[in-house]
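1. build me a model from this:
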Amino acid sequence: MNEKLVRIGTTYIPVTDVDKSSDWYVSKLGAILNYKDEDKAILNFANHSIFLVKSSENESANFIDYNGVERFSITFEVNGLHALETIYKNFKEQNIVVGEIENRGHAGRNFVFSDLDGNKFDVWSELSPVFKEKYNIK
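-> Have a look, this model is predicted:
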């Protein structure tokens, strides 16, 4: 087999209220709403398609690792520490639930934030080299 998976096209995120959640992603994170009905919203966000899918309460995209710590399943990248710190400050000013900026022992810094349903997301201060090259980012 010479073919391979090329990219992740869509991520599905469980939410309890499609209207409130899609409004939150648009107003707080700058997502672009492409479609919405009572069961789902389709957003264009961070060069990716995100589906917010109506789910039961207490559902989330999070998981528990072997140490019993609740983890995120998506990491967003920003272009450098200054961008990370600026977004962090902006999120705090918008009353988005954020953790502290962390040094996890690898290049860059990270912080975790949560949406209205408690779905956790990571933000990393390092853009991937492939992305930087493709979009000619320095």
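2. just the buried residues of stretch 38-58, please?
-> For stretch 38-58, the buried set under the neighbour-count rule, 16 or more other C-beta atoms under 10 Å, comprises A41, I42, L43, F45, A46, I50, F51, L52, V53, K54, S55. For glycine as for every other residue, the C-beta is placed from the backbone atoms N, C-alpha and C.
3. out of the residues you listed, which comes closest to E100?
-> A46 (22.0 Å; C-beta to C-beta).
4. need the helix or strand of this protein with the lowest average pLDDT.
-> Every helix and strand of the chain was ranked by mean pLDDT, DSSP states H and E. The lowest is helix 129-134, at a mean of 82.
5. other SSEs contacting that helix?
-> Under the contact definition 3 or more C-beta pairs under 8 Å, 6 or more residues apart in numbering; DSSP states H and E, helix 129-134 sits against no other helix or strand.
6. and the residue nearest the centre of the chain?
-> F121 (4.7 Å; C-alpha atoms, centre = their mean).
7. from I32, how far out is it?
-> As judged by C-beta to C-beta, to the nearest Å, F121 and I32 stand 17 Å apart.
8. same question for D65.
-> 32 Å.
9. and if you look at S73?
-> Distance, S73 to I32, using C-beta to C-beta: 22 Å.
10. quickly list what T10 is bridged to.
-> Beta bridges link T10 to S49, judged by DSSP bridges.
11. A41 too?
-> Where A41 sits in a bridge, its partners, by DSSP bridges, are K36, L52.
12. S21 is in contact with that one, correct?
-> Yes. Taking C-beta atoms under 8 Å as the definition, A41 is a contact partner of S21 at 7.0 Å.
13. between the two, which contacts overlap?
-> Taking C-beta atoms under 8 Å, 6 or more residues apart in numbering as the contact rule, A41 and S21 both touch L52.
14. strands of the protein, start to end?
-> In the chain, the strands defined using DSSP state E lie at 10-15, 32-36, 40-44, 49-54, 63-64, 70-71, 75-77, 97-98, 110-114, 120-124.
15. for the first one, name the packing helices and strands.
-> To tie it back to what came earlier, the one meant is strand 10-15. Going by 3+ C-beta pairs under 8 Å, 6+ apart, strand 10-15 lies up against strand 49-54.
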